[in-house]
Every structure is written in C-alpha cells, then in structure tokens.
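K.L.:
predicted model follows, preceded by the sequence.
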There are 2 protein chains.
Amino acid sequence: MSANKNQKDNSAGLRGKGRGILDLDERKLKILKAIIQNYLETGEPVGSRTISKYTDLNLSSATIRNEMSDLEELGFIIQPHTSAGRIPSDKGYRLYVDQMMLEKEEQLNQATREVKEMQSMLLEREDKMESILKQMAKMLAANTNYATMISAPQVKSNKLKFIQLSRMEATQLLATIVAEGNVIKNTMISLEEPLDDEAILKLNILLNTNLNGLPVEEINLAMISKLKQQAGIYDGIISEVMDAVAEVIKDDENIEIYTSGANNIFKYPELSDNQRASELINTFEEKQLLTELVQGTLADDNGTGIQVYIGSETPVKTMKDCSVVTATYELEEGMKGTIGIIGPRRMDYDKVINTLKTLKSQLDTIYKKDDR
Amino acid sequence: MSANKNQKDNSAGLRGKGRGILDLDERKLKILKAIIQNYLETGEPVGSRTISKYTDLNLSSATIRNEMSDLEELGFIIQPHTSAGRIPSDKGYRLYVDQMMLEKEEQLNQATREVKEMQSMLLEREDKMESILKQMAKMLAANTNYATMISAPQVKSNKLKFIQLSRMEATQLLATIVAEGNVIKNTMISLEEPLDDEAILKLNILLNTNLNGLPVEEINLAMISKLKQQAGIYDGIISEVMDAVAEVIKDDENIEIYTSGANNIFKYPELSDNQRASELINTFEEKQLLTELVQGTLADDNGTGIQVYIGSETPVKTMKDCSVVTATYELEEGMKGTIGIIGPRRMDYDKVINTLKTLKSQLDTIYKKDDR
DNA sequence: ATTAGCACTCATTTAAGTGGAGTGCTAATA
DNA sequence: TATTAGCACTCCACTTAAATGAGTGCTAAT
C-alpha cells in the first residue's frame, strides 16, 4: 500500500541536486516550508486544506495529505493527535533553518534597515561597555519580541599590567589593579597607622617591579612571601593587595550576562504555563545558568558565528521547549562574547538570524574590527 | 503611631454602634484576625462555619455571620460574590498589620534563629558590597518564598576626593576618579602622542590642586575651560577626565538594585495569570521601575525602618495586586539602602516583618553601626 | 499521479444539570 | 438582649452530554 511512498523516500536522490539523505523532492520541501511558515505565524497545527489553499502549488488537499503523510513518516512533522493538523518536529525546524541559512546568505538588506536604528541609538551614547550591552539586549528584545541575553566579552586576563597604591586619607589607601585586557579593580585598604608618601612610593615600586607583566600563574605563595619580606612592616598591605589581585582573576570566571525581555515569553502560550514560565524566568534571573549557553556557543563555533539550537538541542535544560539563536562577536583583543535570542520553537528564524548577523557585524565594526 | 495612616478612614459611624474604628469590639477583632489568618493560608474565601469551628470563641456560625456582616459593612472584609465566604480588604490587612506591629515588637526571637544561618553564610565571604547584597537577596527569597529586591546604599557623593592619571602604555592613560563615599570610576584615555612622565605628573598636580575636595556643583564650564587653558596642549585629556567625572556623579542617579526570586510569584495563583505575571516580571527585570519603591520608602521613613504597603498602597503601579514590605538599612556614612519583599496580599506579614527586622539589625551590625 | 468523496476521529465548544459551600433572614431560646 | 437553630435561597465550580468542525485516511474515479 505504501509502496509508492516508500519508493519516493528511497529515490530521493534521483532528482536534481541529489546529495545526502536529507533531500526531499522539491514539492515536499515546499510543502514542509509552507507548513512551518504557517505554524510560525499561528502557533496552531496546520492542516492539508490550509496548505492547498494558501500556496501556489495548485494541489488538492488530498494530495497534500499524501505528501504530509510521507513527511510525517520521514519525521519532519508531527501530528499532535489523531485528527489534528501537523506541526513541525525539531528535525523539521532543523532542515528549515539549515536551508534558510544557505539561501539567505546574501540578503542582509531588510534586516540591515531595521538594525540601523539600533545602531544610531547605540552610538548616541558611546558609553562604557556595560551600558552598551544592556541597551543592546533591551533593543533586541523590543525588536524581536523574544527574550535576549548578551554576555560581556570574556577576557582572559592572565597578565598583570599595573598596580598602584594611592593615599586617600591618612589611614586609607586606594589600590588600583589593572590586568591585561584592561580589567580594572579598585580596593580600599584601611591602615592601622598613617603611612607617609615615601613609604607608599616604595611599596609601589616594590609591587610594580615584581609583578608587572607577570602571568598570574606565576604568582604563588613563595613569591608572595618574598614580597612580604621585602615590604617589612607593611606586609599587611601586601596581603590585601594580593587578595585584590586574586579577585581580578576570579572575576573573569563568572561572566557578566545581561538579559532583557524575559517577559516576552508570555507572548507565546506554549511557553507560558506556570511550570515552564517559572523555570524560564528563573533561568534568566540566575544568569549563572546562562553561562552554559555562552560556553556552549563559544565551543561550537562553526565559522559563521551564528548558532541555532532547536528544542532539546540547547545546552540549557530549562530551555528544552525553546529555540535559541546565538551569535558570537569578537572585539579587538580577541575577546569573545555571545548574543542570544530565546523564543519558542516557532521562532521567526529568518528575521532573528538576519538581525543577529547584522548586529554582529555592526558590533564588530563599532569596535574597529571587521571580520567579514 | 504607624497605625495612624488609616485611623480616620471615613466611614467612621455608619451605624449607631460604630465608635472609632480602631476599637472594634474585641470579638470582631478576633474574628477578623481569624479570617485573615485563615485566608493567608488557604487563599480561599473563608466562611462563617470555618471560623466557628476553628476558633476558640465558641460561637455558632450564625453569630459569626452576623459579625461578619458588620465587618463587611465596616469595610474590613469583602464578599467576592453573593454566596461566597469573605476575604480581607486592603483596609482589613492594614488593620491586621498595624495591630501586629504593635504586638510583636518584642519577639525577635524565632526569626532571629532563622536569620542566623543567613548571617553565618553572609560572613563567610566578606566580599565586596555587591556580592553580599546579591546573596542576601537570594537567601531572603529562598527563605520567604517571595520575590525580593535590595538596593545598594545610595551614596550622595557631592565632593571629589581624588583624581589620578597613570600611564598604562605609551599612548594609553588610566584615569582613576574617587568621589566622597568612595565611589570609584576608572577610564581609559587614548592618546594621539606619547606622554612623558613629567607631563603626567603636571597634569595630576593640576587636576588635584584644582578639583580635590570640590563640591560637584562648583565644577562648571568656566572652571573646566580654565583647567584646559592651564593644561595647554593636553586640554583633550582634561575633557576626557571631566567626562568621567560627570559619569561618577551621574552614576549615583540610577541606583543599583538586585533582585531575586521573581519566579516565586508563580507560587501564588492570584499573581500568576499571564497578564499580571508578565507585568511583574518586567518590573523586576527593568529594575529601574523599582527605584520608585526605593525612593518611596526612603521618603516614608516612619522611625521603625519598616514599611508595609498593601495592594494599591504601593508606589509601583504594577504591584497593585501585591503587598510590599520594606526595610531601610543604614551604613556607616549615612548611606541608606532598601530591602523589599514582594508577595501576594495574603503574605505572611508576621514572618516577613520579623525577618526583615532582624536582617536589618544584622546588617547594621555587620557594618559597625547599631541604630536600634 | 491526482483528485473527489466519504466515513471516521477527536479536541474544543456549548448547554444543561448537580452538589455544596455559604449567606441572610426569621423565629425560638437562654 | 444576645445567641442560636433552621430553612430557603444564591451562585460558583464541576461534571456530563451533545454539538461542532477541522482534519485525517482510504477508496474509487479521473
């Protein structure tokens, strides 16, 4: 009975540009695409009649039904229950997205326009990194209606660059520590006894001659105790400074992540039942959980800088009902960061990917680096 | 004292028997209390029979009904629909809370125990303010099952304390600016041409002699242009430094606010329908919206440092279906911050207030200041 | 290979029915 | 006079049943 269907399935490669198992004949592909697009809009299972009417294939619903039956057998679509329409499976989405990323390579046009307004807003206040990123996350969220996250570029500061003690008040010192990548930390140090300028100068010289340019892994206990010894009665200060140095290193372990538009998930019924919503909101609040995502993307880099995780593909388990699209951007000193958009499976992949692509290139440009 | 808020809330004498509102006869008070307590637990309207059975008043349901009828007329309770039990009105909650805050003044005991574990965890990593506050918010949320927020102490830095330029690399300067209250900002300044040590020293002297100890309002354009003039060819650097100074001031306009447990709202059905949840989550994400709350509490200070906003009383409109309990704490230099707990109207006021009280005093203690 | 037609499935909607929690009122009681 | 028992009534929440309709699979005809 299903002989002819199976025949098609097996002979997939006969036609046209046959390569790989994934090729479907042109018509099936069109139908699948139509199904997905329709589902992206409505969020409802889509039936054969809908496709037959709203597509230029001029096929009757019956024919569509046959094709859909095949598509289901191939695992690209799913029937939620016996007499419902079909919805795309993760595999279906995946095909769709892959297809799209091939086709759409060139049309940055429309998205560019949309991002332009972002860019102008961004440039308005050439501020410090933090506020730029925060703002960017916010605008992305507003523009896409999905939840967004953006991680600050991860600096691997493994060298100390500069240490300085300055007197604030009689018994208070300010220690400024700068590591490679311009990671800066300030600490206040309280003193028992006042310290004269000369002593401070000496300490500064001591610290800088010994530590400047030093890879952190070379700062060990032996080294520290040697310093203390040389500092004499001021060894307490050395201790505090070294604590601060440790902080600088530790700081870059937990990446800064900014999020926005978490409440957008309420726009998609499939995500907003209490259970799921609660988990997702929590994930966004405990940004720590998002670091997995960042780490994941940085590891998965596939050349394009764009990654698409569909449903269970995502590294963060609480997002198994979502799709996640990420872009990694890279700043001057080889510091990489991640932008992520989190939405329902039926995300507008086209728009999102294009937006991210453009944004990424803009970001690269802003920071004087063009890697396209 | 804190009860005076609603003391003369109209409706003073609808009935002959009505005297001042606060002296409801003892029995009515007991019944009201019973109703509220029951409602706090169940979240369901409570009927006369329930009260009659689970209270030691030994009254029949009929009697209770009569009393409830009176209480409703007085505005302390509400009937959601004709034949339902009663739920407390905002006014009812208000009375209950005021009453409680009088009674419970002395019993810090139990709550103290609960908070102790927090304290020990807190002290474990005597870190910088930020992480302490974050952690505190988190623990509060975990302990209470409500959403929490905590604002970093608001520093009113109106005097510059210290400015320093240091050379990082040949064409890169680090500017460190410290304002009163030890608000620190670092900025990198890129140079066209290398700068020799002598020039840097001069600039440092110039900046410090002119700006140290200066109230920010005295830093005007005239002052700046005078500085530029004196700096000669280095006027560009002065500009950048002054920009950074402006940043320091501006920074303390938008207060840092840390939140946690936003997803706790999903534990209370009355808050977790999509509409409300979305708004609330948004409020927590756009922490800026919470500043109103902080400002509000700092303004409303009533001596105890604890404030309770019930329903529409809260300054943040998106929280009109919530109750908010806040405590203001004060650190050494007169810097005040706010801790807030946001939950449903039927919040466990008793526990929350006690927890906040204890936490507040702990906080005060940790920072060497006891203001009880 | 495609299509029309038909019987069937099943989630969703609508209507009607039921139980029960809770009230207000009245009359009886202490 | 204050309290209580009793009763009729209200109305929500829940269940059940029927109607709806979108969608399918299969078969026979084109």
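P.N.:
It's in.
K.L.:
where does the residue in chain A positioned nearest to DNA strand D fall, phi/psi-wise?
P.N.:
Using CB to the nearest atom of the strand, the single residue of chain A nearest to DNA strand D is A:Gly47, 2.6 Å away. Bear in mind the C-beta positions are built from the backbone N, C-alpha and C, glycine included. Per-residue torsions, A:Gly47: phi -100, psi 170 (degrees, to the nearest 10).
K.L.:
do A:Ile163 as well
P.N.:
With angles defined as degrees, to the nearest 10, A:Ile163 sits at phi -130, psi 140.
K.L.:
circling back to that earlier point, so who does the residue of chain A closest to DNA strand D touch?
P.N.:
Going by CB atoms under 8 Å, 6 or more residues apart in numbering or on different chains, A:Gly47 touches A:Ser61, A:Ala84, A:Gly85, A:Arg86.
K.L.:
nearest residue to the second one in space, please, no chain neighbours.
P.N.:
Setting aside the residues directly before and after it, A:Ala84 is nearest to A:Pro45 in space (CB to CB, 6 or more residues apart in numbering or on different chains), at 4.7 Å.
K.L.:
can you give me the neighbour number for the residue of the stretch 101-250 of chain A found nearest DNA strand C?
P.N.:
Taking CB to the nearest atom of the strand, DNA strand C has its nearest neighbour within the stretch 101-250 of chain A at A:Asn145, 23.5 Å off. When neighbours are defined as other CB atoms under 10 Å in any protein chain shown, A:Asn145 has 15 of them.
K.L.:
tell me the contacts of it?
P.N.:
A:Asn145 makes contacts with A:Gly261, A:Asn264, A:Lys267, A:Gly343, as judged by CB under 8 Å, 6+ apart.
K.L.:
what's the answer for A:Ile339, then?
P.N.:
Contacts for A:Ile339 (CB under 8 Å, 6+ apart) come out as A:136-137, A:140, A:148-151, A:326-329, A:356, A:359-360.
K.L.:
then A:Ile64?
P.N.:
Contacts of A:Ile64 (CB under 8 Å, 6+ apart): A:Ile31, A:Ser48, A:Arg49, A:Ile51, A:Ser52.
K.L.:
go through those residues and name the one nearest A:Leu290.
P.N.:
A:Leu290 lies nearest to A:Ile31 out of the contacts of A:Ile64, by CB to CB, at 36.7 Å.
K.L.:
the closest one: which element?
P.N.:
Using DSSP states H and E, the element containing A:Ile31 is helix A:26-42.
K.L.:
what comes up buried for that helix?
P.N.:
For helix A:26-42, burial by neighbour count (16 or more other CB atoms under 10 Å in any protein chain shown) applies to A:28-40.
K.L.:
got it, and stretch A:200-217?
P.N.:
Using 16+ other CB under 10 Å as the burial criterion, the residues of stretch A:200-217 that qualify are A:Ile200, A:Leu203, A:Leu206, A:Leu207, A:Asn208, A:Asn210, A:Leu211, A:Val216.
K.L.:
export the residues you listed to CSV and tack on distance to A:Thr318 and pLDDT?
P.N.:
Compiled in CSV, the buried residues of stretch A:200-217 are given as follows (distance: CB to CB, whole Å; pLDDT from 0 to 100):
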residue, distance to A:Thr318, pLDDT
A:Ile200, 51, 90
A:Leu203, 49, 90
A:Leu206, 50, 90
A:Leu207, 45, 90
A:Asn208, 47, 87
A:Asn210, 47, 88
A:Leu211, 42, 86
A:Val216, 34, 76
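K.L.:
filter these down to the ones in helices?
P.N.:
Among those, the residues falling in helices (DSSP state H) are A:Ile200, A:Leu203, A:Leu206, A:Leu207, A:Asn208, A:Asn210, A:Leu211.
K.L.:
which residues sit in contact with the residue nearest to the last one when sequence neighbours are not counted?
P.N.:
If you skip the residues right next to it in sequence, A:Leu211 has A:Leu160 as its closest partner in space, 5.1 Å away by CB to CB, 6+ apart. Contacts were defined as CB under 8 Å, 6+ apart; by that measure A:Leu160 touches A:Ile177, A:Val178, A:Ala179, A:Glu180, A:Leu211, A:Asn212, A:Gly213, A:Leu214, A:Val216, A:Ile219, A:Val245.
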